[in-house]
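S.K.: Mind folding the following:
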Amino acid sequence: MSITFNANEIFEMAEQIERNGAAFYREAAAKAKDAPTRKFLADLAVMEDGHLAIFQNMRKELGQAEKESVTFDPDDQAAAYLQAMADAKGFEGKISPGLKLSGRETLSDILSMAINAERNSVVFYVGLKTLVQTDRSRKQVDNIIGEEMGHIAVIQKKMLSL
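M.R.: Numbering: from 1, shown residues only. Prediction:
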């Protein structure tokens, strides 16, 4: 069976990924030892919240055709599958979905995790882009990829300043 996703489903995953990222940065900020690190990590969480809002707005602007299911799914298993994909692949800021911070991580450690996860998110979205059916949907996924690449640039800049 071939699996395809519509743009609405892609945005659902993107939104969950951003929620996961914001939660990670808030957890890291809460465990940070110094105020400047707490502030930087809290700012990253706010950035994730901003991207969540962007993706929610992009999703609201979708046409009806981009929201329609492209596969037969009488048991609504697609939603469960999408949630599992977002939780498994969308763990911005973490090496793995189940990772809990110990509080002993340095800012450099956290930023390294974040960059790796952001890169994984970009690769994930590039792969998902091949699963959407319309040119408009592919352009919207490209917008998500651009947002994630912006995250990488901010985090990389901070790493270089350490």
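S.K.: Spatially nearest residue to I152 (excluding sequence neighbours)?
M.R.: The shortest distance from I152 to any non-neighbouring residue, by C-beta to C-beta, 6 or more residues apart in numbering, is to E118 (4.7 Å). (Each C-beta comes from the backbone N, C-alpha and C, glycine too.)
S.K.: Buried residues, the helix or strand containing the one you found. List them.
M.R.: If you go by DSSP states H and E, E118 is part of helix 107-129. Buried residues in helix 107-129, counting neighbours by 16 or more other C-beta atoms under 10 Å, are found at 107, 110-111, 113-115, 117-118, 120-122, 124-125, 128-129.
S.K.: Out of the residues you listed, which one has the lowest pLDDT?
M.R.: Least confident of the buried residues of helix 107-129 in the model: L128, at 72.
S.K.: And the residue nearest to that one when sequence neighbours are not counted, its phi and psi?
M.R.: Nearest residue to L128, sequence neighbours excluded (C-beta to C-beta, 6+ apart): I10, at 5.6 Å. For I10, the backbone dihedrals (degrees, to the nearest 10) come out as phi -60, psi -40.
S.K.: Can you give me the distance of I10 to A114?
M.R.: Separation of I10 from A114 (C-beta to C-beta, to the nearest Å): 22 Å.
S.K.: Please apply the same query to L52.
M.R.: Using C-beta to C-beta, we find L52 at a distance of 16 Å from A114.
S.K.: With M58 instead?
M.R.: Distance from M58 to A114, by C-beta to C-beta: 23 Å.
S.K.: mind listing the helices for the protein?
M.R.: 7-31, 35-60, 64-67, 77-89, 107-129, 135-161 (DSSP state H).
S.K.: Who are the packing partners of the helix holding E118?
M.R.: helix 7-31, helix 35-60, helix 77-89, helix 135-161 (3 or more C-beta pairs under 8 Å, 6 or more residues apart in numbering; DSSP states H and E).
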